[in-house]
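> Here is my input, please return the structure:
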Amino acid sequence: MVDKIQQAINSSNNAAVRQIQSARQPQRQNPTPSANVPAFDELLKQKLAQPSSVKLSAHAQKRIQARNIPFGAEEAARLDRAVEKAANKGSRESLILMDDLALVVSVKNRVVITAVDAKNRKEDVFTNIDSVVLS
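A predicted model of the protein is given here:
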């Protein structure tokens, strides 16, 4: 009878020791990415392929078209970077100068309010802006 009690105690102690040891061992995480999660290079390619996140207002579009201002993918990328810089500094309305082009941008809404090239600037006064970004 004492042997059976001793075996039960030992068995119980062994189970408790195994529980404690398994709790101490860190859980191993699977280093392989999930099939549903794209790899970093895939995400980067997707982001680079996306058009600029800065939109042109109807007014700005009219100004760009009427004045034959060249505004392609390269300019859109530069504008996007400039708006991001302004946003990081807490700007709300920014004047972004790119070569001979001046753009007034609502940084919060990521919308170009107006666009003026060097030939069409009259008074060269911009109001209601809180920052200037040279891009």
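> pLDDT on stretch 68-88, on average?
In this model, stretch 68-88 carries a mean pLDDT of 92.
> Show me the helices in the chain, by range?
Remark: helices assigned in the chain by DSSP state H are 2-24, 40-49, 58-66, 73-88.
> Quick one: residues contacting residue 92.
Shown in contact with residue 92 (CB atoms under 8 Å, 6 or more residues apart in numbering): 106-108, 130. C-beta coordinates here come from the backbone N, C-alpha and C atoms, glycine included.
> among the residues you listed, which ones are buried?
106-107 (16 or more other CB atoms under 10 Å).
> Save the contacts of residue 92 as CSV, and put in pLDDT and distance to residue 54 too.
Below are the contacts of residue 92 laid out as CSV (pLDDT from 0 to 100; distance: CB to CB, whole Å):
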residue, pLDDT, distance to residue 54
106, 96, 10
107, 95, 9
108, 93, 12
130, 95, 17
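> what's the closest of the contacts of residue 92 to residue 81?
Set against residue 81, the nearest of the contacts of residue 92 by CB to CB is residue 107 (12.7 Å).
> Backbone dihedrals for the closest one, both of them.
With angles defined as degrees, to the nearest 10, residue 107 sits at phi -70, psi -40.
> Identify the residues contacting it.
Here residue 107 is in contact with 83, 86-87, 91-94, 131 (criterion: CB under 8 Å, 6+ apart).
> Run a quick neighbour tally on residue 105.
Using other CB atoms under 10 Å, residue 105 has 31 other residues around it.
> what pLDDT does it get?
At residue 105, pLDDT is 96.
> Residue 51 now?
pLDDT, residue 51: 58.
> swap in residue 126?
Reading off the model, residue 126 has pLDDT 89.
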